[in-house]
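S.K.: sequence and predicted model, in that order:
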Amino acid sequence: MQTQLQEVISYMPEPVLSPEMLVCKDLRKVYPTPKGEYVVLDDLQLSIRQGEFVSIIGHSGCGKSTLLTMMAGLNEISGGQILVDDDVVRDAGPDRAVVFQSPSLLPWLTALQNVMIGVKQVFPGASRAEKEDICKYYLDKVGLGNDFYKRATDLSQGMQQRVGIARAFALKPKVLLLDEPFGMLDSLTRGELQDVLLEIWQKEQITAVAITHDVDESIFLADRVIMMTSGPYAKIGDELVIPIERPRNRKDVLEHPDYYDYRGYLLNFLNH
Ligand SMILES: Nc1ncnc2c1ncn2[C@@H]1O[C@H](COP(=O)(O)OP(=O)(O)OP(=O)(O)O)[C@@H](O)[C@H]1O
């Protein structure tokens, strides 16, 4: 019996892993300060696979936003490399869409016009109707199907962040980078937008990286939680795979038999 089982196991195919999409190699970031150089990140190694959702947690000031803005091409790289789909990141590009804590919409434009700005740049050859369809599709997906023509100033903070998420997905990026995207929202809206984000992410199968201060959010969203050490010279300290099946809903995740072990592991890292 044992031999038979071993034979079966030896014939089982290796699990097929999706290719690497986002890679940080020997990454280093130094900020000049009046007191001399401040090395925020040093020798940071990270590999994220296509379609993976990764959360990043770490103490305030450890360098999470620095890392994310470097991935976005918005912050100069002092050493090492970031690769997106094998291309070296040198500056910002439409293959990476960023959602910040505050969506910074142009207040005098409508929700549709705000999403359209990026869509026009990314799909210059598309007809006006096609571009509008893309914008409306994603606005509808984030729950703003009745608000295309509302001006940004007339939208609540939660609705503005919904536009921010629609705007990011509408660019059809390879990588979605989220920096505390729900940090400014009340807990109910936060929960709703986490659901919206996961639903679209799962459908689009894009690679996502989200910084969060919220351990529960990091577990709910991610396939893998990356823990950064405290700076200076911060790097990846540990990681935790979250194998909870998808699609996820909050109740099932909270009732998962390993949920409190995951939570405890992450809190333990943060407390030491
Ligand atoms: N432009 C800059 N010049 C000098 N130092 C900077 C600059 N930007 C960030 N820093 C410093 O680099 C460190 C990392 O900052 P960063 O914002 O990346 O951390 P963080 O982990 O995202 O923090 P938080 O969780 O509080 O948002 C901090 O000590 C910060 O003061």
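M.R.: Perfect, thanks for sending it.
S.K.: when you work out contacts or count neighbours from here on, use the C-alpha atoms and nothing else.
M.R.: OK.
S.K.: residue 210: neighbour count?
M.R.: Residue 210 sits with 26 neighbouring residues when counted by other C-alpha atoms under 10 Å.
S.K.: contact residues of this protein facing the ligand?
M.R.: By C-alpha under 6 Å from any ligand atom, the residues of the chain that approach the ligand are 31, 33, 40, 60, 61, 62, 63, 64, 65, 66.
S.K.: the third one touches residue 63, doesn't it?
M.R.: Yes. Between residue 40 and residue 63 there is a contact at 6.0 Å, judged by C-alpha atoms under 8 Å.
S.K.: okay, and the common contacts of these two?
M.R.: Counting by C-alpha atoms under 8 Å, 6 or more residues apart in numbering, the residues touching both residue 40 and residue 63 are 231, 234.
S.K.: any chance of the residues of the chain next to the ligand in CSV, with neighbour count, secondary structure and pLDDT too?
M.R.: Formatted as CSV, the residues of the chain next to the ligand follow (neighbours: other C-alpha atoms under 10 Å; DSSP: H, G, I helix; E, B strand; the rest coil; pLDDT from 0 to 100):
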residue, neighbour count, secondary structure, pLDDT
31, 13, strand, 97
33, 8, strand, 94
40, 21, strand, 98
60, 11, coil, 95
61, 13, coil, 95
62, 20, coil, 96
63, 23, coil, 97
64, 26, helix, 98
65, 18, helix, 97
66, 18, helix, 98
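S.K.: what is the neighbour count of residue 133?
M.R.: For residue 133, using other C-alpha under 10 Å, the count is 12.
S.K.: residue 32 now?
M.R.: Count around residue 32 with other C-alpha under 10 Å applied: 10.
S.K.: please name the nearest non-neighbouring residue to it.
M.R.: residue 38 (6.1 Å; C-alpha to C-alpha, 6 or more residues apart in numbering).
S.K.: next up, phi/psi of that neighbour, please.
M.R.: Phi and psi for residue 38, reported as degrees, to the nearest 10, are phi -120, psi 110.
S.K.: how many residues are close by it?
M.R.: Residue 38: 15 neighbours (other C-alpha under 10 Å).
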